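**Student:** using only what follows, build the 3D model:
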Amino acid sequence: GIEDEFRIIRPDGSVRWVQMHRFPVRNETGDVYRIGLIAQDISERKLAEEAVKESEVRYRSLVNDSLALICTHSLDGTLLSVNPAAAEIWGGSPEDLAGKNLQEFLTPSARKLFGDYLQRIQANNRDSGIMQVMSKTGEKRSWLYRNILRHEPGKDPFVLGFAQDITERIQAEEALVESEDRFRQMAENSPYMFWLFDVKTKKLLYVSPAYEKIWGRKLEDFYANPRIWRDALHPDDRKRITWEFDTQARSDGTESEYRIILPDGSTRWVHGRSFLLRGPSGEIQRLAGIVYDITERKQADMALTASEASLAEAQRIGQMGSWEWNASTDTAIWSDELFHLYGLTPNGHKITGEAFLKLLHPDDREAFVRASDKALKGEQVLLTEFRIIRADGALRYFQSKAEIIRDSSGKAVRMIGTNQDITERVLAD
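**Tutor:** So this is what the prediction gives:
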C-alpha cells in the first residue's frame, strides 16, 4: 500500500490535512482488480506537531541566547547539554562539554559536597543554593542555582539546571563589610542618623551620633534598649510606623515620614528609610536605615498648604478665579474656583484657547480676541470684560485682568491673570 499526507481546500475555504492510505484489492486468483482508499482527517495532529516544532524552536532560542547558565545532567552528574553561556565560562563548545561530569568543573571543596547535592535533588525533586565552580582561566566563580528533576515519558530522569553567576555580587558584599569602618567615619560626621541591626542576633550593631541630635536622647540608652525609639513616636504615628518596621522583611524595607516627641515635649518631623542586607544565599542578615530631620521642610509645606487654602477661600469669597496661559501650547491652567465660576467641574486638565472661547457669549468673542492680541503685541496688562453662557444656561459677566510675561527678546510667552464674576455689579448698574 501507499500512504500520503496532503492538504485539501473545502468549499467553505478552510484547509484540512488528510492522510490517504491506498492499497490493492485482489480477486480469488490474486490479481489486483481494485484500489482501496482509506482517508483520515489529521488536521488536529498536524497542528499539534507544528505547535511542538514552534515550541522547540523557541526553547532552543531561549537556551542558546540566554545570558543565564543552563544545563542538563544525569543523576550521576554527567552533562547532557550545556548552553553557550555556561560553555563560555567553562571553556569549550556545548558539544565538547556534553558527556563530561559536572564535578570536573567544581572547586575541590564543592566536589566533596556534590554527592549530597545529588541525593537532595533526587529526594526533593529540586534543589537550590550556591555552587562554587572553576572557570576556564582557573578563577573561582559563585553560581546561584535553582535545579529541578525532570521525568519525561520514555526518557531517563534528568536534572534541568538554571544558574546565575553572582561572583561580583558576593565580592561587593564582602567589600561592603570591609568598608564598614570607613562608613562609620563618614556617619559620625553626618547630620543623618544611620543605624544597623542584626536580624539573627536581634542586636543593634550601630547607631550614628546624629541620633542624639535628632531624638534628643543619649546614644547609650539606645544601645541598651533598641526598642526605645518606639516610645518617642508620636501617638498618631506609632501604630503605622511600628507595623511598617516589624513587617519590612516582607516588603524589602520601608520609607516613611513621621513625628517624634522630644524629651522637652516638642514635636519633630523625620524622614526614615530602611532597607534589607542579604547574605550570599539571599537570606536577610541585617536591617539598615537612614533617618534625618525634615521639620523645617514640613513646616514650610504646611505653611504653603495653609496659604493655598487661604487663597482658594479668598477666591471663593471674591468670586474670582486665577489662571496661567502658555503661549507656545495655547493652553491654560485654571484654579478650581475658576471652574466653579464657569459652572464646570475641576478636572485638573489644561484648557485650550479654543475651548475657552466657546464659553464666551458669541457677541463677545471677537472683542476678547482683539484685546488679547493687543496686549500680546505691546501692552503689559490685559484688562477686558466679557460674558459667558454656563452649561445651565445662566448668563454671567466677568472682568479679566492679566499680566504679560515676555522673554529676553520681548516675545510674550505667558499670561498670568484673574477672572472675576461681576454679574451682580453689572446688573445693579
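**Student:** show me where the stretch 101-250 of the chain has helices.
**Tutor:** 108-112, 114-124, 167-178, 180-187, 210-215, 219-224, 228-231, 235-246 (DSSP state H, counting those that start in this stretch).
**Student:** which secondary structure elements does the second one sit against?
**Tutor:** In this case it means helix 114-124. Here helix 114-124 touches strand 126-134, strand 140-150, going by 3 or more CB pairs under 8 Å, 6 or more residues apart in numbering; DSSP states H and E. Yep, even glycine has a C-beta here, placed from its N, CA and C like the rest.
**Student:** mind checking those strands for the one nearest to residue 48?
**Tutor:** Nearest of the helices and strands packed on helix 114-124 to residue 48, taken as CB to CB: strand 140-150 at 21.0 Å.
**Student:** could the helices of the stretch 101-250 of the chain go into a markdown table alongside distance to residue 400?
**Tutor:** Below are the helices of the stretch 101-250 of the chain laid out as a markdown table (distance: least, CB to CB, whole Å):
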| stretch | distance to residue 400 |
| --- | --- |
| helix 108-112 | 80 |
| helix 114-124 | 77 |
| helix 167-178 | 61 |
| helix 180-187 | 57 |
| helix 210-215 | 50 |
| helix 219-224 | 60 |
| helix 228-231 | 56 |
| helix 235-246 | 45 |
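**Student:** any idea which of those scores lowest on pLDDT?
**Tutor:** With a mean of 74, helix 180-187 has the lowest mean pLDDT of those.
**Student:** what packs against it?
**Tutor:** Using 3+ CB pairs under 8 Å, 6+ apart: helix 180-187 touches no other helix or strand.
**Student:** got the buried residues for that helix?
**Tutor:** Buried residues in helix 180-187, counted by 16 or more other CB atoms under 10 Å: residue 187.
**Student:** export it as PDB, just CAs?
**Tutor:** Provided in PDB are the C-alpha atoms of helix 180-187 (Å, rounded to 0.1, in the frame of the first residue of the first chain):
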ATOM      1  CA  GLU A 180      32.200  49.500  57.500                       C
ATOM      2  CA  ASP A 181      35.000  51.300  59.300                       C
ATOM      3  CA  ARG A 182      35.100  53.900  56.500                       C
ATOM      4  CA  PHE A 183      31.300  54.100  56.600                       C
ATOM      5  CA  ARG A 184      31.400  54.700  60.400                       C
ATOM      6  CA  GLN A 185      33.800  57.600  60.000                       C
ATOM      7  CA  MET A 186      31.500  59.200  57.400                       C
ATOM      8  CA  ALA A 187      28.400  58.500  59.500                       C
END
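**Student:** just put the helices and strands packed on helix 114-124 in a markdown table and tack on distance to residue 421 and mean neighbour count.
**Tutor:** Below are the helices and strands packed on helix 114-124 laid out as a markdown table (distance: least, CB to CB, whole Å; neighbours: other CB atoms under 10 Å):
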| stretch | distance to residue 421 | mean neighbour count |
| --- | --- | --- |
| strand 126-134 | 70 | 18 |
| strand 140-150 | 68 | 17 |
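**Student:** now these as JSON lines including distance to residue 87 and mean pLDDT?
**Tutor:** Listed next are the helices and strands packed on helix 114-124 as JSON lines, based on distance: least, CB to CB, whole Å; pLDDT from 0 to 100:
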{"stretch": "strand 126-134", "distance to residue 87": "13", "mean pLDDT": "93"}
{"stretch": "strand 140-150", "distance to residue 87": "14", "mean pLDDT": "92"}
